[in-house]
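Enquirer: Got a predicted structure here, sequence first:
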Amino acid sequence: MPTTYTQIGTAVTVGSGGATSIDFTSIPSTYTDLILKISARTTRTSTATDWVKIAFNGVTTNLTMKLLYGEGSSTGSYSDTAIYGGISSNAATSNTFGNSEIYIPNYAGNSNKSISFDSVGETNASTGNYLSLTSGLWSSSAAITSISLTPYTGPNFMQHTTAYLYGVSNA
């Protein structure tokens with residue numbers, strides 16, 4: 001059978017004034033996997049990159065990750081007890097947005113949840129362009145029924161930030 005993608009709920013577009021979080025609730029357990037697609041910019045002004053964090057079912061514990069990044073001529077890695085990927089901030093070139101894709105296989109299963117988070121924070125400069133690849137784990141046997149996205153530093157997502165949630169069938 002072919003793999004199909006079905007949008008869950010409506011797309012979220014942040015309006016004027018910004019938003020402290022983007023939330024998807026009442027996620028049905030009828031799919032095999034989930035994909036989130038995000039185009040985001042935060043109100044952070046101290047550097048061109050910010051990070052978008054993810055939480056499940058209102059829980060911010062039992063999260064671990066390893067993040068690899070490239071920025072300008074440097075590379076590195078982070079380990080943390082949160083799961084996040086790089087996006088653009090308000091210090092980046094005007095009207096540029098970072099993009100992320102988050103893949104969550106077996107989100108409704110009764111075992112720990114693995115997360116793949118691919119992100120880029122864009123700016124028109126020799127530094128501040130971040131490409132990050134994150135491997136995350138939520139150590140919980142609970143099915144994912146809600147997802148919350150928040151800026152790591154922010155404090156807000158800016159107007160025109162968008163997020164889409166898709167259910168994947170027959171993956």
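Expert: Sure, I can see it.
Enquirer: quick one: the helices in this protein?
Expert: Using DSSP state H, no helices are found in the chain.
Enquirer: the strands in it, which residues?
Expert: 4-7, 12-13, 22-24, 33-42, 49-56, 63-71, 74-80, 83-89, 98-105, 113-121, 130-138, 147-151, 162-169 (DSSP state E).
Enquirer: so can I have CSV of those showing mean neighbour count and mean pLDDT?
Expert: To be clear about C-beta, it is placed using only N, CA and C from the backbone, and glycine gets the same treatment. Formatted as CSV, those follow (neighbours: other Cβ atoms under 10 Å; pLDDT from 0 to 100):
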stretch, mean neighbour count, mean pLDDT
strand 4-7, 12, 95
strand 12-13, 16, 98
strand 22-24, 19, 98
strand 33-42, 22, 97
strand 49-56, 25, 94
strand 63-71, 18, 94
strand 74-80, 11, 93
strand 83-89, 28, 92
strand 98-105, 21, 96
strand 113-121, 21, 95
strand 130-138, 20, 94
strand 147-151, 23, 98
strand 162-169, 19, 97
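Enquirer: can you count the residues close to the residue lying closest to Ser26 once chain neighbours are set aside?
Expert: Excluding the flanking residues, the one nearest Ser26 by Cβ to Cβ, 6 or more residues apart in numbering is Thr145, at 6.8 Å. If you count neighbours by other Cβ atoms under 10 Å, Thr145 ends up with 16.
Enquirer: What pLDDT is listed against Thr145?
Expert: Note on Thr145: pLDDT of 98.
Enquirer: Quick check, it in contact with Asp23.
Expert: No - proximity of Thr145 to Asp23 does not meet the contact threshold set by Cβ atoms under 8 Å, at 11.6 Å.
Enquirer: how far away is Ser73 from Asn129?
Expert: 11 Å (Cβ to Cβ, to the nearest Å).
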